[in-house]
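*Asks:* give the three-dimensional model of this entry:
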Amino acid sequence: MSGSGRSDDGLALVFDTPASVTAWRAIDDRVMGGVSRSRMRHDPAGHACFEGTVSLDRGGGFASVRAPVSAVGDAATRGWRLEALGDGRRYRLALVTADVVDGVVYQADFAPAAMAWSMVELPLSAFVARFRGRGVPDAPPLRAAHVRQVGLLIGDRQAGPFVLALRRIEPIRGDG
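*Replies:* The predicted model follows:
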């Protein structure tokens, strides 16, 4: 990913510098007339924050950010691990296998611990193909080596302010 921290193997996204969040862009319900707002910012304590406000006004109800990546997985990837600090709300990790804004997105729900850093593991089987919020039952299976964009989303009509802190997103690799 351009302008982001990377692990030694080049597959993990590490949010320890301001440059690690420069490629992240908001894709909120504003694209459909809503008024929710979000952003990805770097916190001087050495992590990223996905933050904003979800509004249900004008048919809204979701906020998201997304960034292009060169690789966040390979043939040995069996899922992803996030080091996160939650706020008591549910989020989704979103993975896109194309270089488009509006296409099939593979999403997995997670609710990291509030008030304490924790590791959240999301196996490949947790990811569901969606297009504009609806399931895509005939979508091909998610292939980690094909991921071209990574995103975070809060939705499901969870109105109000939110903050999700992240230190890293990394592949879980191997058989066990």
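
*Asks:* do you know the pLDDT at the closest residue to V96 other than its chain neighbours?
*Replies:* Using CB to CB, 6 or more residues apart in numbering and skipping residues adjacent in sequence, the residue nearest V96 is Q149, 3.9 Å away. For glycine as for every other residue, the C-beta is placed from the backbone atoms N, C-alpha and C. pLDDT for Q149: 95.

*Asks:* from L56, how far off is Q149?
*Replies:* Here the criterion is CB to CB, to the nearest Å. By it, Q149 lies 26 Å from L56.

*Asks:* and the two? Which one has more around it.
*Replies:* The residue with more neighbours, out of Q149 and L56, is Q149; 21 against 16, by other CB atoms under 10 Å.

*Asks:* what residues does the residue nearest to G86 when sequence neighbours are not counted make contact with?
*Replies:* Among residues not flanking G86 along the chain, P112 sits closest, at 3.5 Å (CB to CB, 6+ apart). By CB atoms under 8 Å, 6 or more residues apart in numbering, P112 lies in contact with 82, 84-86, 91, 118, 120, 164.

*Asks:* same question for A98.
*Replies:* 104, 148-149.

*Asks:* next, count neighbours for the closest residue to H146 other than its chain neighbours.
*Replies:* Nearest in space to H146, with sequence neighbours left out and distances taken as CB to CB, 6+ apart, is T97 at 4.3 Å. Other residues near T97 come to 20 when the count uses other CB under 10 Å.

*Asks:* what residues are up against T97?
*Replies:* Counted by CB under 8 Å, 6+ apart, T97 has contacts 104, 106, 142-143, 146-148.

*Asks:* sorry, back to before: and the two most separated of the contacts of P112?
*Replies:* The span of the contacts of P112, defined through CB to CB, is set by Y91 and S118 at 12.9 Å.

*Asks:* list the contacts for R92?
*Replies:* Counted by CB under 8 Å, 6+ apart, R92 has contacts 107-110, 152-155.
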